[in-house]
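Enquirer: Take a look and give me a structure for this.
(chains A and B)
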Amino acid sequence: SQQGEEDPQALSIQEGENATMNCSYKTSINNLQWYRQNSGRGLVHLILIRSNEREKHSGRLRVTLDTSKKSSSLLITASRAADTASYFCATGRSGNTGKLIFGQGTTLQVKP
Amino acid sequence: DGGITQSPKYLFRKEGQNVTLSCEQNLNHDAMYWYRQDPGQGLRLIYYSQIVNDFQKGDIAEGYSVSREKKESFPLTVTSAQKNPTAFYLCASSIAAWGLESGYTFGSGTRLTVV
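Expert: Got it, this is the predicted structure:
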């Protein structure tokens, strides 16, 4: 069953604007990860946030985690055309396996 | 430079044929994974291996087989029992189980098509 659900499924913005993508999940997690995938390529790891953390930054990326609402958001500030890609959240379950489960992704288009 | 190499980039399979997808990493990672991605979908776990000479079935293992005889290599065989193998296959590795320390490193994928 799907764990992470991204919202929106697709997002189109102008270069320079901010892009926000959300991820909701159902069960307890020990970490949440965000990945980027350019068309036809492998995924690239962006940020990992642990369940005891609320916010992390990496360059123009800001990730928040609200475990009470079982949700996370990825903010890309001052977007560029090169940010055009699909973005996936992946949740690591609490407990023995910690298996990472990927959502279906948000497709971001940044228009120049 | 360290990384994961998947080959071939494109693969065509005839009905009833077994094919093997290669995945090699030089990152010294213990854990390796195979995922399947269908158009517009997320990733589904086929098999994973947390240590050499050991591997476990994922969520959609039927019709697939793997081996982990060397730490660097985790080949995936798509057998004739897999009825709908057309998909994009991604191999990944991580230093800690399930990418808990620093996430996964992915290969560039193999696109398999049944002809």
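Enquirer: Below-threshold pLDDT in chain B: ranges please.
Expert: Scanning chain B for pLDDT under 70 picks out the ranges B:1.
Enquirer: Please, where are all the strands along it?
Expert: Under the criterion DSSP state E, strands of chain B are mapped to B:4-7, B:10-13, B:19-25, B:31-37, B:43-51, B:54-57, B:64-66, B:76-78, B:87-94, B:105-106, B:110-114.
Enquirer: Beta-bridge partners for residue B:78, please?
Expert: Note on residue B:78: beta-bridge partners by DSSP bridges are residue B:19, residue B:64.
Enquirer: Quick one: residues contacting it.
Expert: Shown in contact with residue B:78 (C-beta atoms under 8 Å, 6 or more residues apart in numbering or on different chains): B:13, B:18, B:19, B:20, B:21, B:63, B:64, B:85, B:112. All C-beta atoms are positioned from the backbone trio N, CA, C, and that covers glycine.
Enquirer: and what of residue A:16?
Expert: Residue A:16 makes contact with A:78, A:79, according to C-beta under 8 Å, 6+ apart.
Enquirer: so what strands line up beside the helix or strand of chain A with the lowest mean pLDDT?
Expert: One helix or strand of chain A scores below all others by mean pLDDT, DSSP states H and E: strand A:5-7, with a mean of 86. Strand A:5-7 has its sheet partners listed here by DSSP bridges as strand A:19-24 (antiparallel).
Enquirer: got a list of contacts for the strand it pairs with?
Expert: A:4-8, A:11, A:13, A:32, A:34, A:69-76, A:79, A:83, A:87, A:89, A:91, A:103, A:106, A:108, A:110.
Enquirer: ok, now with 7 Å
Expert: Here strand A:19-24 makes contact (C-beta atoms under 7 Å, 6 or more residues apart in numbering or on different chains) with A:4-7, A:11, A:13, A:70-76, A:79, A:87, A:89, A:103, A:106, A:108.
Enquirer: Identify those among the residues you listed that sit within strands.
Expert: A:5-7, A:11, A:13, A:71-76, A:87, A:89, A:106, A:108.
Enquirer: picking up where we left off before, only the buried subset of the contacts of strand A:19-24, as a ChimeraX command please.
Expert: Only the buried entries of the contacts of strand A:19-24 go into this ChimeraX selection, using 16 or more other C-beta atoms under 10 Å in any protein chain shown:
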select /A:4,5,6,11,13,70,71,72,73,74,76,79,87,89,103,106,108
